[in-house]
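Student: Coordinates only, no sequence provided:
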């Protein structure tokens, strides 16, 4: 090529909008969470109905039906048994003759045994209806009853016991097949399946994406998370489990696939983060011939299409132990915030915008009134504060002391102070004059009678991060004490304009904020070559935040091999480690970008579950253990030999005793 | 429980059909393979149209459009350039002024560079239309042209070069991102994505299945394939990559999920089978409260729903290098054959029923006429034969010799003979009297003038397997020589009534034919306890065969812990290795069964590809290598240290040099 930049050949600045883009498409009503399918099309020899779906029409038909399920409860000396399947429970009723003739049997059948019951459904006698049960108006008068498979007499726990007392997580993990029987877990699994199905449908049927499986057995990649090594029978050669399909999806763009998606498993050995799983699921998306706006529009269209309507969420909640009202869908399009604004106002790059409590700069005020007394504030230090409305009466000394300890431990060098208003309108600090209150009032956007002002002073970045943390801790504490803080809603936010590089934690070099394949912001691209302070360069990276949690992250990628090589050099990454990607970029690579949605987190928020472990069928502990199957485990010597492996002496601290 | 068998309590032999099952559902027309979506909804700044979708309506509109794509070809001294994206190619036309002004540039732009072209589409001048191109009636008169990203001047191969000469597989693998640009590969990826989408839709929307992700990081499991060890940071502890979700899906049935599916990755270290991949994809299905008939009906409904209609396959074939006619869908329901019949008539448990050539027993005839002359046939030996109609003139001596070598090498002890008819109606063996021909004619179901009779004698099982192999080899050879043998159709077949156990290859024990969790045939269940010859016990195992390839396999599972323990004992498997499964079976486990469809193979047959590697985006070589990224590879010492690993001396033969 000639020396001129070929991207603008031969018409630099040519208009890029020959035709206006079409409006967002409209879609039909989504299906139900648990669609009504002919459930006896397969298995008619066992059952004609689901337990929870027997209804008064079946009573009117006066035909014998049959159901299968688990013995949930026995009541009234075997007069009433509750039979349960995923769809709900059904009361089966035994008459006096049956109870007498089968007395010995009935006592021996353990709870959670699998039964098949035939009979005619009847309306319950007056006054015996149960309005909290979907089938509470009827009962099945037993004609035939079979124990298809008995349960052991003493199980670690049963679903019915849960109604009285919860079971600890290690026990739930060890007996996950019992835990998953609970209605809330069934609901979570089905909500997840429903959402995935909708997302795939949008991408494939409505947006022209191709679902491509990419390999999990990959090679070690530079930067990023710690990867699991997989032994091969080639001596000394290891695969690494792919930490994401990043390189493959970029190569699919090089290959002209144009629009790719995959519900992909990702593997990262993050043994120290209790909220991370060693394998997790993401919806991985990549597109050619797009810019950032296109990816954001796609994700909003995707979520608009696949977001469960309130009636779906209400259906999902229509299980015994979940009775919350369904929330309305989020507002589209999502608001945006720059990384800098997020850090300044919320002290984090994933602001929880369900409540305000914005952080404000009160540095001059704090200096004037010597807020921190004799403790010196270093030059260049900053003082910031947020107001927790109405929190003062709830936040007792013990809580404030705990926050103080937290700041001293995790944000050394940051000074912490709490301010409230006295009844006379002055501030709760003797040394502060009366007019200080009025000045602070206007600086922080208003202080009311019972508000708590939380103040931190110190180096800017650390000070903001401390306040971001204190803001969340205080909100949690206030809510725990009965005062609502957060709006009960799905609050999405795009965070954009991230820096491309940050100072490496070790050494004098730079590391990438996202990953080494992110393109710089077009306005800052020239700074890449200029050298100097790389922290000024913004990347074309975007995060999607929902209620204070990161649910998606992506970027526009570097599409030119020369630029990619330059970035690798800045990051001191050996180009040979990504030689295949560089060769791909050199082979005709379209402009491209994408995003990955963390499905575990998204489903967790949607299901209002406490932990992502509640929306994963078989999760592992924080230490990466499967307590049910006992993995990882030792391997026989001949397997190690086949893979040319030996285990070296234990050089790391023993972490073999974790409870779950 | 009391001693009576609780499965029949309290009404042994109670009728299991209270209501008739509903008829198979009907469905609407499936969508197109590449649905028409507003492709410029994302990326309108780059393009308004896809290259292959510009049509005469756009010509009539006389508006400027823009397309993006790869420079496929240059023709007529830069008068015509062909631009390509996944949807097809478009001719862009430069006028004389442009060719003069941009002459230097035009020569420098390498093939496969990524361009953006704007202009007004025009009808081609009379006589210049190309009927072999979807856009062959029109061309785009260039107004603006940008090189978005140049390609290197010398690529290993380009799509256009492929039209002249194919590239070897190792090169295709190494530069997979170039290989995937070819229309046939794009078609394969899209057909795969389409089929998966339809299958998921059937299972989720129409049959009540829940899509559940199960872990890939699992523990070593007994029996079955060699599993890949994954190192953990716990010293001496390894995960094993799940060879299938078998145990998890059974535990999901214990958990009451009822109907589960997953498009699951499976990992098996089968380094020696060139047609196997170390990771492959299967559609994994499990159902509760069903028997074998239900699973077979489900799979037939699934395939009926998701089978691409001829117009979809025709659309799929509507790419330059694939011009075959689309085949009609298979006939439903699929025929069935017992394992024994399959072995007897086809010499294999996966018969290719696209052609007859049935194997027949001619033992008495062969003994009477001493077919093998002085070579003794051991007592108990058998003689079988099949007729290859019209094959005699094609099968020359060299081919017969090759078959002879094959039988001697792989089926020792089996004798091989070929017979044909002489013009006078006698057999081509001098020693055989005239009446022998007539007798053989009636034994093998007819011999015509040019037929070849292939005969094997020896121990029954080996003799049948040899003939099964010779049947396929001969058919391949005859077809290669221009005579069609196989019907051009999708021929499905269920193979049922497999034996549950087979003699172990090593030692005196037994091994399982399917896997240790398969239930025995109800009629044979009593033989499990009886001891003795276990080979008589049939299992509730079923395989689905398409055109001679196994595309699915499944079974009804053992649902009782006691039976499962007994089978493990017979197989000499330590019950502690599947303790979690046994505990699950003891906790209230419904009757259940399932199946797994091998998607790579199914798509390969559907796409009429030569190898499953042609329908996998990034396949590995027969030796498990990724030639593009160079995996597996060495790891740095500190990674090995982190995982407490050392590599032992190379004790296995070096297999590090494979070409692909």
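Tutor: Now that the structure is in, tell me what you want to look at. Just so you know, these numbers come straight off a predicted model, no measurement behind them.

Student: How many neighbouring residues does residue A:57 have?
Tutor: The local packing of residue A:57 (other Cβ atoms under 10 Å in any protein chain shown) involves 8 other residues. Backbone N, C-alpha and C define where each C-beta goes, glycine included.

Student: Need phi/psi at the residue sitting nearest the centre point of chain A.
Tutor: Chain A has residue A:601 as the residue nearest its centroid, 1.0 Å off, counting by Cα atoms, centre = their mean. When read as degrees, to the nearest 10, the backbone of residue A:601 gives phi -70, psi -40.

Student: right, quick check: the helix or strand harbouring residue A:296 against chain B, any contact?
Tutor: Secondary structure from DSSP states H and E places residue A:296 in helix A:292-306. Yes - Helix A:292-306 is in contact with chain B by Cβ under 8 Å from any Cβ of the partner chain, via A:294, A:295, A:297, A:298, A:301.

Student: pretty sure the second one contacts residue A:287?
Tutor: Yes - counting by Cβ atoms under 8 Å, residue A:295 sits close enough to residue A:287 to count as a contact (6.6 Å).

Student: Walk me through the domains of chain A.
Tutor: Listed by automatic domain parsing, the domain ranges of chain A are A:39-155, A:186-334+A:492-615, A:356-480.

Student: Could you look over these and pick the most buried one?
Tutor: Mean neighbour count (mean count of other Cβ atoms under 10 Å in any protein chain shown) peaks for domain A:186-334+A:492-615 among the domains of chain A, with a mean of 20.

Student: just checking, what packs against the lengthiest helix in chain A?
Tutor: Assignment by DSSP state H gives helix A:460-480 as the longest helix of chain A. Counting contacts by 3 or more Cβ pairs under 8 Å, 6 or more residues apart in numbering or on different chains; DSSP states H and E, helix A:460-480 is packed against helix A:339-346, strand A:382-388, helix A:397-410, strand A:452-458.

Student: after the third one, next one along is what?
Tutor: I take that to be helix A:397-410. Next along from helix A:397-410, by DSSP H and E: strand A:415-419.

Student: shaky segments in chain A?
Tutor: Applying pLDDT under 70 to chain A picks out residues A:1-37, A:315-325, A:376, A:650-660.

Student: how far is the longest helix of chain A from where the chain is centred?
Tutor: 21 Å (Cα atoms, centre = their mean, to the nearest Å).

Student: what do you get for stretch A:273-284?
Tutor: How far stretch A:273-284 lies from its chain's middle: 9 Å, per Cα atoms, centre = their mean.

Student: try stretch A:149-162
Tutor: Distance of stretch A:149-162 from its chain centroid, counting by Cα atoms, centre = their mean, is 31 Å.

Student: same deal with stretch A:124-140?
Tutor: Centroid displacement of stretch A:124-140 relative to its chain, using Cα atoms, centre = their mean, is 38 Å.

Student: what is in contact with residue A:295 and residue A:287 at once?
Tutor: Residues touching both residue A:295 and residue A:287 (Cβ atoms under 8 Å, 6 or more residues apart in numbering or on different chains): A:593, A:594, B:42.

Student: can those residues go into CSV with extra columns for secondary structure and distance to residue A:454?
Tutor: Compiled in CSV, these are given as follows (DSSP: H, G, I helix; E, B strand; the rest coil; distance: Cβ to Cβ, whole Å):
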residue, secondary structure, distance to residue A:454
A:593, strand, 39
A:594, strand, 39
B:42, coil, 43
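
Student: Dump the residues you listed into TSV; add distance to residue A:224 as well.
Tutor: TSV is the format used below for those (distance: Cβ to Cβ, whole Å):
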residue	distance to residue A:224
A:593	18
A:594	16
B:42	27
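
Student: Out of those, the closest to residue B:614 would be?
Tutor: Closest approach between those and residue B:614, by Cβ to Cβ: residue A:594, at 25.6 Å.

Student: residues in contact with that closest one?
Tutor: A:249, A:260, A:284, A:285, A:286, A:287, A:295, A:554, A:555, A:557.

Student: can you pull up the bridge partners for it?
Tutor: Legend: beta-bridge partners of residue A:594 under DSSP bridges are residue A:286, residue A:555.

Student: would you say residue A:526 is within a helix?
Tutor: Yes - with DSSP: H, G, I helix; E, B strand; the rest coil as the criterion, residue A:526 is part of a helix.

Student: roughly how far apart are it and residue A:533?
Tutor: For residue A:526, the distance to residue A:533 equals 14 Å [Cβ to Cβ, to the nearest Å].

Student: surely residue A:135 meets residue A:89?
Tutor: Yes - Residue A:135 lies in contact with residue A:89 (Cβ under 8 Å); the separation is 6.9 Å.

Student: where along the stretch 551-660 of chain A do the helices fall?
Tutor: For the stretch 551-660 of chain A, applying DSSP state H, counting those that start in this stretch gives helices covering A:561-570, A:579-585, A:599-606, A:637-642.

Student: right, and residue A:509 touches residue A:572 too?
Tutor: Yes - using Cβ under 8 Å, residue A:509 makes contact with residue A:572 at a distance of 5.6 Å.

Student: and for the two, which residues touch both?
Tutor: With contacts defined as Cβ under 8 Å, 6+ apart, no residue is adjacent to both residue A:509 and residue A:572.

Student: before we move on, back to that, what is in contact with residue A:135 and residue A:89 at once?
Tutor: Counting by Cβ under 8 Å, 6+ apart, the common neighbours of residue A:135 and residue A:89 are A:51, A:52.

Student: So which residues on the stretch 301-450 of chain A come close to chain B?
Tutor: Checking the stretch 301-450 of chain A against chain B by Cβ under 8 Å from any Cβ, the hits are residue A:301.

Student: Can you name the residue of the stretch 301-450 of chain A nearest to chain B?
Tutor: Nearest residue of the stretch 301-450 of chain A to chain B: residue A:301, at 7.7 Å (Cβ to the nearest Cβ).

Student: Verify the stated contact: that residue with residue A:202.
Tutor: Yes - using Cβ under 8 Å as the test, residue A:301 is close enough to residue A:202 to be in contact (7.2 Å).

Student: packing partners for the helix holding residue A:296?
Tutor: Under the contact criterion of 3+ Cβ pairs under 8 Å, 6+ apart, helix A:292-306 touches helix A:183-201, helix A:207, strand A:279-288, strand A:492-496, strand A:541-546, strand A:549-556, strand A:592-598.
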